[in-house]
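[1] can you look at this prediction? I've put the sequence above it.
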Amino acid sequence: MASATTSTTLSLLKTAASSTTSSATHTSASLIRVPPTRHQRKSVPLRQSLGFSAAASGYSLLSLHVSSKVRSFKGKGSRGVVSMAKKSVGDLAGADLKGKKVFVRADLNVPLDDNQNITDDTRVRAAIPTIKHLIQNGAKVILSSHLGRPKGVTPKFSLAPLVSRLSELLGIQVVKADDCIGPEVEKLVASLPEGGVLLLENVRFYKEEEKNEPEFAEKLASLADLYVNDAFGTAHRAHASTEGVTKFLKPSVAGFLLQKELDYLVGAVSSPKRPFAAIVGGSKVSSKIGVIESLLEKCDILLLGGGMIFTFYKAQGLSVGSSLVEEDKLDLATSLLAKAKAKGVSLLLPPDVVIADKFAPDANSEVVPASAIPDGWMGLDIGPDSIKIFNEALDTAQTIIWNGPMGVFEFDKFATGTEAIAKKLADLSGKGVTTIIGGGDSVAAVEKVGVASVMSHISTGGGASLELLEGKELPGVVALDEATPVTV
Ligand SMILES: Nc1ncnc2c1ncn2[C@@H]1O[C@H](COP(=O)(O)OP(=O)(O)OP(=O)(O)O)[C@@H](O)[C@H]1O
Ligand SMILES: O=C(O)[C@H](O)COP(=O)(O)O
């Protein structure tokens, strides 16, 4: 199946390229013909090893109360081995929590409109299971987050707009502090009842947070008895509330959201049900080099879309009009294609594209072969043949990870490719395929299409998920206590 797909791509590209030069035809065909051989790695499917349905849209406390032994993933990335077997809040006994002051770092960095209304509460909802678990066990929750990138105290970055949504979702009145350290905060902590939640003010109002200053971390730590990090979206930052604080608070454990992100973005990606397909899009190849290189080590099929494809086409001698091209990445594009071939990864580039006469929502548009983009026109989406070929390739996959849109999906006219991929993944998710949306704009696209709830996992992290997919270690995870080793 994958092999048929590859040859269809080739023939379409050949047809397209014949309108330019024969050498371009030869170059594109020889570079893209990569045999679809499977990797020989032995793997235990995540679904099987976790013992719960990874295809479920949401997640329950029950499903996340998995023992430490099933969370001992070691994901091999291009930049080293990522060991993410961390102690979880689910590993703590009720007695460890009752009456205890628990410092919970969440990522409540949500978008707000001009009237300070939350326009997307995904991150708030994602933080709820851990907080609920703690309050149900009689803990006193001291909740901390950043919002935006303030330089000093900045009212528009206050966490005040979070209070009502948090209270609504938790079913209790959340108390808000005007600061995150100091005597007033200490008084509020002292009066916090068991099962109560105190939301601290934006921790980035102190420059010491991002500088990870130990004195500041110690002040935060002095408020509590133990630490739970559930801020996956900020786990790639070594800040006082994500990393420094762990030096002063024991135990320091992972929250349910953080654990679930690791289970999917490390576990499912390192030990996928095969065939394993990766879809990488977005604007520039330069911002995805690490991800592509890392995924080439693991996946069987790699589909490329978005603005980055034009650098690959240009590297093959095709004319790309005024499409987005990174001239200094042409050699890199060539070497990535060669690497895919050497690794036996079936790499598919879109054979046709939707072009525009200007970068605007009302631009004139046309569908052309990828090799026939006229001067003055730019490719802003993948075309219908590409969607068909991508869908056929995805039909063969058992695990799919997607990062980055296929086109300029913010403009309706150029959203078709991205929306088609979102719908395809939703359809396959319903058939038991593990579908992982790796953060960033692809999450926005999936939400726009209204299929977010059926995906196996939607990451709440943009930068954090990219770094994890690149095989990097996240400081906020590394700092947590190791899970107790058990024999499987
Ligand atoms: N053909 C194209 N030409 C120009 N821009 C494109 C094209 N295709 C997609 N884009 C743009 O790429 C942007 C997303 O790229 P980016 O690399 O940021 O992806 P992402 O990984 O989803 O996001 P994040 O950086 O948040 O992780 C979108 O704004 C989209 O409009
Ligand atoms: O939105 C995010 O990606 C996280 O909240 C991290 O924010 P930052 O990039 O400002 O550190």
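    Done, it's in. Ligands and ions are numbered 1, 2, ... in the order given.
[2] which segments of this protein make up each domain?
    Structural domains annotated on the chain: 2-40+266-469, 85-256, as defined by automatic domain parsing.
[3] just send those back as a markdown table, with mean neighbour count, mean pLDDT and distance to ligand 1 too.
    To be clear about C-beta, it is placed using only N, CA and C from the backbone, and glycine gets the same treatment. Shown next, in a markdown table, are the domains of the chain (neighbours: other CB atoms under 10 Å; pLDDT from 0 to 100; distance: least, CB to the nearest ligand atom, whole Å):
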| stretch | mean neighbour count | mean pLDDT | distance to ligand 1 |
| --- | --- | --- | --- |
| domain 2-40+266-469 | 21 | 85 | 2 |
| domain 85-256 | 20 | 97 | 11 |
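[4] which one of those domains lies nearest to Thr484?
    When these are compared by CB to CB, domain 85-256 sits nearest Thr484, at 7.2 Å.
[5] quick one: Ser145 from ligand 2, how far?
    Noted for Ser145: a distance of 8 Å to ligand 2, by CB to the nearest ligand atom, to the nearest Å.
[6] OK, contacts around that residue?
    For Ser145, the contacting residues are 105-109, 159, 162, 200, 202-203, 231, by CB atoms under 8 Å, 6 or more residues apart in numbering.
[7] ok, 7 Å please
    By CB atoms under 7 Å, 6 or more residues apart in numbering, the residues touching Ser145 are 106-109, 159, 203, 231.
[8] dihedrals phi and psi, it?
    Here is the backbone geometry of Ser145 (degrees, to the nearest 10): phi -160, psi 170.
[9] start the count at 426, not 1, going forward
    Sure, I'll start numbering at 426, so the last one becomes Ser570.
[10] quick one: Val670 from Leu651, how far?
    The gap separating Val670 from Leu651 is 11 Å, by CB to CB, to the nearest Å.
[11] spit out the residues that contact the two alike.
    Residues touching both Val670 and Leu651 (CB under 7 Å, 6+ apart): none.
[12] contact residues of the stretch 626-775 of the chain facing ligand 2?
    Neighbours of ligand 2 within the stretch 626-775 of the chain, by CB under 6 Å from any ligand atom: 658-659, 662.
[13] go with 8 Å
    With CB under 8 Å from any ligand atom as the criterion, the stretch 626-775 of the chain meets ligand 2 at residues 656, 658-659, 661-662.
[14] could you identify the most distant pair in the residues you listed?
    Farthest apart among those by CB to CB are Ala656 and His661. That separation is 10.2 Å.
[15] can you tell me the residue of the protein closest to ligand 2?
    In the chain, the residue found nearest to ligand 2 is Asn534; the distance is 3.5 Å by CB to the nearest ligand atom.
[16] which residue, other than its chain neighbours, is closest to that residue?
    Once flanking residues are discounted, Asn534 sits nearest to Leu572: 5.3 Å by CB to CB, 6 or more residues apart in numbering.
[17] for that neighbour, give me phi and psi.
    Torsion angles, degrees, to the nearest 10, at Leu572: phi -150, psi 120.
[18] so what's it up against?
    Leu572 neighbours (CB under 7 Å, 6+ apart): 533-534, 582, 584, 627.
[19] which stretches of the stretch 776-913 of the chain form strands?
    Secondary structure of the stretch 776-913 of the chain by DSSP state E, counting those that start in this stretch: the strands cover 777-781, 790-794, 803-807, 824-828, 859-862, 882-883.
[20] just put the ones you listed in a markdown table and tack on distance to Val902.
    Below are the strands of the stretch 776-913 of the chain laid out as a markdown table (distance: least, CB to CB, whole Å):
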| stretch | distance to Val902 |
| --- | --- |
| strand 777-781 | 39 |
| strand 790-794 | 44 |
| strand 803-807 | 35 |
| strand 824-828 | 19 |
| strand 859-862 | 18 |
| strand 882-883 | 17 |
